[in-house]
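Chemist: After the sequence you'll find the predicted model.
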Amino acid sequence: MTVEEATEQPTVAPREPWAGWEKIIRVAGVVVAVLATVITALIELELTTLRSGGLVNLAKGSSPWEGGGVLIPLAVPVAIGANLAISWFAVTVTGRRWALGPPWALWTLLMLAAAGTRTTEGDYLLSDSNWVALVMILTGSLTFAVYSYKMILKPVAVSDSRLSGSV
C-alpha cells in the first residue's frame, strides 16, 4: 500500500436534499387536497343559487345573492374544474392513487349534508326545485368517478423503488 492510498478518504455518495421527506409531502398533499375540497365545495354550494337578477344587482353595486330571474348554472363547470384539479393534485403530489379517496368522500358527504339539511324555517338548503344544485352534485361526483376510472385503466408505472417506496 502506498502513502497516497493510505491517506485517501473513502467517497460517500451525497445525500439527496429531499431524502426522507416522502411521508411528510404525502400527508401535506392530502391535507391541502382536503382543505381545497372544503373551500371549493362551499363556493359551489353558494353558486347554485346565483340568478340572472343577481348579476344585474352586482353591476349596480348591490349583492349578487338578491334578485330574481333564471338560475345561472355557473356551479356546474366550477364543480367539474375544481374536482378535476383536486383529483390531479392529490394523486400527483402524493404519488398514490388512494389519495383521490379522501377528497371524493368529503365532497360527497358535504353535498349530501347540504341536500338533506333543513333550515330553522323547515326549508332544505338545496331544494329539489334547484336544478343547478342537482346537476352540480351529479357532475361533481361523476368527475371524481371518471378520474378514478381513468387511473384504473392506466397501467401502474414502474419506478425506482428507492425514491417512491412502493407503487
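Modeler: All right, it came through fine.

Chemist: Which elements pack onto the top helix by length along the chain?
Modeler: Secondary structure assigned by DSSP state H gives helix 22-47 as the longest helix of the chain. For helix 22-47, the contact count by 3 or more CB pairs under 8 Å, 6 or more residues apart in numbering; DSSP states H and E identifies helix 75-94, helix 101-116, helix 131-153 as packing neighbours. C-beta coordinates here come from the backbone N, C-alpha and C atoms, glycine included.

Chemist: tell me the most buried of the ones you listed?
Modeler: helix 75-94 (a mean of 19; mean count of other CB atoms under 10 Å).

Chemist: okay, it in PDB with CA atoms only?
Modeler: Presented in PDB, the C-alpha positions along helix 75-94 are these (Å, rounded to 0.1, in the frame of the first residue of the first chain):
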ATOM      1  CA  ALA A  75     -71.700  26.000 -10.200                       C
ATOM      2  CA  VAL A  76     -71.600  23.100 -12.700                       C
ATOM      3  CA  PRO A  77     -68.400  24.000 -14.600                       C
ATOM      4  CA  VAL A  78     -66.800  25.200 -11.400                       C
ATOM      5  CA  ALA A  79     -67.500  21.800  -9.700                       C
ATOM      6  CA  ILE A  80     -66.100  19.900 -12.700                       C
ATOM      7  CA  GLY A  81     -63.000  22.100 -12.900                       C
ATOM      8  CA  ALA A  82     -62.300  22.200  -9.200                       C
ATOM      9  CA  ASN A  83     -62.800  18.500  -8.700                       C
ATOM     10  CA  LEU A  84     -60.600  17.600 -11.600                       C
ATOM     11  CA  ALA A  85     -57.900  19.900 -10.300                       C
ATOM     12  CA  ILE A  86     -58.200  18.500  -6.700                       C
ATOM     13  CA  SER A  87     -58.100  14.900  -8.100                       C
ATOM     14  CA  TRP A  88     -55.000  15.600 -10.200                       C
ATOM     15  CA  PHE A  89     -53.300  17.400  -7.300                       C
ATOM     16  CA  ALA A  90     -54.000  14.700  -4.700                       C
ATOM     17  CA  VAL A  91     -52.700  11.900  -6.900                       C
ATOM     18  CA  THR A  92     -49.700  13.800  -8.300                       C
ATOM     19  CA  VAL A  93     -48.400  15.200  -5.100                       C
ATOM     20  CA  THR A  94     -48.700  12.000  -3.100                       C
END
